[in-house]
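> got a sequence here, can you build the structure:
(3 chains)
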Amino acid sequence: MPPSSLTSAPVLPELEELLNEPQRDAVAHKDGPLMVFAGAGSGKTRVITFRIANLLACHRVPPYRILAVTFTNKAANEMRSRLEHLVGADVTRDLWVGTFHATCARLLRRYHEVVGLARDFVIYDDADQRALMNRVLKALRIDEKRFPPKMLLSMIHGYKQQGLGPSEAPQNDPFEKVAAQAYEAFQKHLLTANAVDFDDLILHAVRVAEARESIAGAELRSRFRYVLVDEFQDANPIQYRLVKALASEHHNLCVVGDDDQSIYRWRGADVRIIRGFQRDFADATTVKLEENYRSSSNIVRAALGVIQPSRERVPKELFTSNPPGEPIRVIAARDERDEAAFVVTTVRQALEHGVEPRQIAIFYRIHAQSRVLEEALRSENVPYQIIGGTRFFDRAEIKDLLAYLRVLANPRSDVDLLRIINVPARGIGQASVDRIVATANRLDKSVYDVLQQHLDACGLGSSPAKRVLSFRGLLEHLRDRSQDLGPRDLAEQVIDATGYATALQRENTPEADARLENLREMLGSLQDYEDEAEASGEPPTLEGYLERVALVSDIDQLDDGGRVSMMTVHAAKGLEFDIVLVTGVEEDLFPYRSNSSLLDPGDVEEERRLGYVALTRARKFLFVSHAAVRTIFGTTRYCRPSRFLTDIPPDVVEDTLSPGLSSARIRVDVTAELASQRARSHDLGAETNRLPRAEPGRYVERDIVDAEPSDDVPLERGTRVKHVKFGEGQVESVETTVSPPVAVVFFPGWGKKRIVATFLRPA
DNA sequence: TACAAGCGCCTTTTT
DNA sequence: GGCGCTTGTA
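Take a look at the predicted model:
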């Protein structure tokens, strides 16, 4: 359809307030490649949903010809529900809205034979992959010490993201040769098991879509008249290839994103893809949304201060018409407990002033920080919920039950079968399992086939063989039942007939009770699935449930508004709150640096973007805290305030002391130090991100007591102090970024001296 | 075979 | 500090 035929159509009124006229035309009516740069808080999701709604409502594009891809289920659900509001559920039902993986899975159920899979293939998660890789290494006699499975899997992951098959994998050194060998065997086993991993979902779909000579390929390339991608800055190369292929016939590829919010480089996202889109599609229209409707202008300015030193960003001028609002509060705390005390006090005050808990969020860089915060909140009876963390479907008992169900759906899935062959314990030991697996490898059969037809070839003793036979009988029984039972009832049968429930009841411990409770919760999740399937007019099937579970990270967090939220900054992307508290804003924690590795400039850039994401989540109040001493992973370290703090313009900041520091017998004036650090960095203009610089081995591991000043006067600029050798002097400045803290003191007759604070006494 | 003590490691996380 | 994996012992 030529662009001109679209432009005469009307536009949904809601789009008017968000965009100026040329932007509106482009988003609502324009065909061809379209790229929308949407700054934080600028209404990104609104733009993409309105484009879809406009295509449906004003241009009469059939819904099944539109594909909208997201990265998370949450984003997909949200988009779908917004569209239901705009154009009605009966229209949106036929839209293709989903995550990359769910969309590919759906396509592959249709085109499975093109890539050699059966229709009922199963999806392996990370743990399944590890189990499979261990088996592959054993069979190939590869030394796990020299070639850690984790590293091989990550190399394979890399190849798949580049679209390289086993035969195309590089083989330049011995390591790569082993990796290529493992890759080939790994894929062979997946195929035998009729299984795919997450990367394969995309990769297989790309293979189908790119196949020049195939009917399926041609069909797929012309299937979608409009393809839209949300959060495009998170795309990895293979995902980009996929959407390019899917849009190759109609050229209506619309991508929406913000390179400043690209925070998933470590999992393959390549920010250069969004930055290079205009180069790849010379005829693309670019729209920039630069007005932030979310945050106070102080918050916007603070966030801009953090992102601006970034070197390679696409130029954008984020602005807001909102009033300045409250200053950003930067809190210097003594240690992580003191920081947590500050957080709790602040949250309580907000709640007492009538702020709803759902409007308050506490962020941290890594999960390990959450425990101390949790304890503090719990002791003060502040209701909280943790978003993310250990996932329901990662629990052992849930994975066990799922493994049973997956074996029933697809008996060839060896990883699942081996997981449950002796769970609950039924006397089939490692030795027996090894023999069965060796036989399967030798005959090139699945383990299930070996149990069925080649048990005598395993060379088992008579009593192990008897037990294996009884396990085989159990599986047969359950497979029979799976014919006439719904997924939920079948799962209940599994829990009973396998003796799993009995084994847990016999344990009679709180842990076992919790596991039973989790199993019941999973039955609830099966029930939900059945109800939903019936409501949408589809028959509930075991396969349907398994696919859903494989592609959903968690049972949807019940979003009960009565709790304060805690989460990592990564989990916070896409959310917004009136009050945000960002904790642990210290060098080596945020930006994060692991014990071993140095920060390369690319890492710092990504951490900087992460900082930008954190700050832009706040609407009205923003608190940023750092501790002078932090115990994490069992060791205590001295911490300097993050370089990002010095990038926040000083005039939007108000420095604050934590409860611990303001009541300390001696006050080491951290805030004054921070202020002077900030003043210095601003003298240097745009180079602010250079200060202070990360260096290896900076942390001193020492007993925490050393950090606590032994004196009882506030030690800050102007304080009169006495020193054993130099006599009386006056403090000029205090450095708390070194440990123990050091003061620069002017002693008449001696001049300026740097003195460790503990050697000073009040004059 | 099963359980317990010991070692080593440590982001972020969806799907 | 805590989890997962390995090794050692009953």
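> ok, the residue nearest to A:A57 when sequence neighbours are not counted to DNA strand B distance?
Residue nearest to A:A57 in three dimensions, not counting chain neighbours: A:V87, with 5.4 Å by C-beta to C-beta, 6 or more residues apart in numbering. Just so you know, the C-beta spots here come from the backbone N, C-alpha and C atoms, and that holds for glycine as well. As judged by C-beta to the nearest atom of the strand, to the nearest Å, A:V87 and DNA strand B stand 24 Å apart.
> quick one, what contacts A:V87?
Neighbour list for A:V87: A:53, A:56-57 [criterion: C-beta atoms under 8 Å, 6 or more residues apart in numbering].
> who wins for most neighbours among those residues?
Using other C-beta atoms under 10 Å as the neighbour criterion, A:L56 leads those with 24 neighbours.
> to which secondary structure element is it assigned?
According to DSSP states H and E, A:L56 maps onto helix A:44-57.
> which outside residues touch that helix?
Taking C-beta under 8 Å, 6+ apart as the rule, helix A:44-57 contacts A:9, A:11-12, A:14-15, A:18-19, A:27-29, A:36, A:38, A:61, A:63, A:66, A:68, A:75, A:78-79, A:82-83, A:86-87, A:91, A:95, A:226, A:228, A:230, A:254, A:256-258, A:287, A:289.
> ok, which residues in the stretch 51-200 of chain A are in contact with DNA strand B?
A:71-74, A:99-102, A:125-126, A:198 (C-beta under 7 Å from any atom of the strand).
> quick revisit: quick one: average pLDDT of the next helix-or-strand element following the helix holding A:L56?
Next helix or strand after helix A:44-57 toward the C-terminus (DSSP H and E): strand A:66-70. Strand A:66-70 shows a mean pLDDT of 95.
> and strand A:66-70, what does it pack onto?
With contacts taken as 3 or more C-beta pairs under 8 Å, 6 or more residues apart in numbering; DSSP states H and E, strand A:66-70 sits against helix A:44-57, helix A:73-87, strand A:96-99, helix A:100-111, strand A:226-229.
> from the contact counts, what lies against the fourth one?
Here helix A:100-111 touches strand A:66-70, strand A:96-99, helix A:198-210, helix A:215-223, helix A:237-246, going by 3+ C-beta pairs under 8 Å, 6+ apart.
> pick out the most distant pair among the residues of the stretch 51-200 of chain A next to DNA strand B.
Greatest spacing in those, by C-beta to C-beta: A:K74 and A:D126 (19.8 Å).
> so for the two, which sits in the more crowded spot?
Legend: neighbour count by other C-beta under 10 Å for A:K74 and A:D126, higher for A:K74 (17 against 13).
> what does chain A put close to DNA strand C?
A:130, A:144, A:368, A:371, A:633-634.
> let's see that with 10 Å instead.
Remark: the part of chain A in contact with DNA strand C comprises A:127, A:130-131, A:134, A:144-145, A:148-150, A:368, A:371-372, A:375, A:390, A:394-396, A:430, A:631-635, using C-beta under 10 Å from any atom of the strand.
> now do the contacts for A:G98.
Contacts of A:G98 (C-beta under 8 Å, 6+ apart): A:68-70, A:76, A:106.
> got it, and A:G41?
A:292-295, A:300, A:320, A:576, A:616.
> buried ones in stretch A:414-427?
Neighbour counts over stretch A:414-427 (16 or more other C-beta atoms under 10 Å) mark A:414-423, A:426 as buried.
> ok, of those, which one's closest to A:L715?
A:R419 (59.9 Å).
> how far away is the closest residue to the closest one other than its chain neighbours from A:A514?
Excluding its sequence neighbours, the residue lying closest to A:R419 (C-beta to C-beta, 6+ apart) is A:A403, at 4.4 Å. Going from A:A403 to A:A514 by C-beta to C-beta, to the nearest Å gives 19 Å.
> those two: which has the busier surroundings?
A:A403 (21 against 13).
> A:R334 is in contact with A:L661, correct?
Yes - under the criterion of C-beta atoms under 8 Å, A:L661 makes contact with A:R334 at 5.3 Å.
> assign a three-state SS to A:F363, would you?
strand (DSSP: H, G, I helix; E, B strand; the rest coil).
> can you check the pLDDT for it?
So, for A:F363, pLDDT stands at 96.
> what about it, how many residues close to it?
If we define neighbours as other C-beta under 10 Å, then A:F363 has 28 of them.
> list the contacts of it.
Per C-beta under 8 Å, 6+ apart, neighbours of A:F363: A:566-569, A:572, A:580-583, A:614, A:617.
> show me what it is bridged to.
Assessed by DSSP bridges, A:F363 has beta-bridge partners A:M567, A:V582.
> now the helix or strand hosting A:L610: average pLDDT?
Using DSSP H and E, the element containing A:L610 is helix A:601-616. The average pLDDT within helix A:601-616 is 91.
> list the buried residues in it.
Judged by neighbour count (16+ other C-beta under 10 Å), helix A:601-616 contains these buried residues: A:603-616.
> also stretch A:380-391?
A:382, A:384-386, A:388.
> do stretch A:114-130 as well
A:114-115, A:117, A:120-125, A:128-129.
> list of residues touching that stretch?
Contacts of stretch A:114-130 (C-beta under 8 Å, 6+ apart): A:105, A:108-109, A:112, A:132, A:149-150, A:153, A:190-191, A:193-198, A:201, A:204, A:207-208, A:211, A:214, A:216, A:394, A:399, A:406, A:409-410, A:413, A:415-416, A:543, A:546-547, A:550-551.
> next one: stretch A:343-353
Contacts for stretch A:343-353 (C-beta under 8 Å, 6+ apart): A:357, A:360, A:362, A:373, A:376-377, A:379-380, A:382, A:564, A:579, A:581, A:583, A:621, A:623, A:625, A:659.
> the same query, at a cut-off of 10 Å, please.
A:329, A:331, A:333, A:355-357, A:359-362, A:372-373, A:375-384, A:564, A:566, A:578-579, A:581, A:583, A:621, A:623, A:625, A:656, A:658-659 (C-beta atoms under 10 Å, 6 or more residues apart in numbering).
> before I go, just wanted to say thanks for your time.
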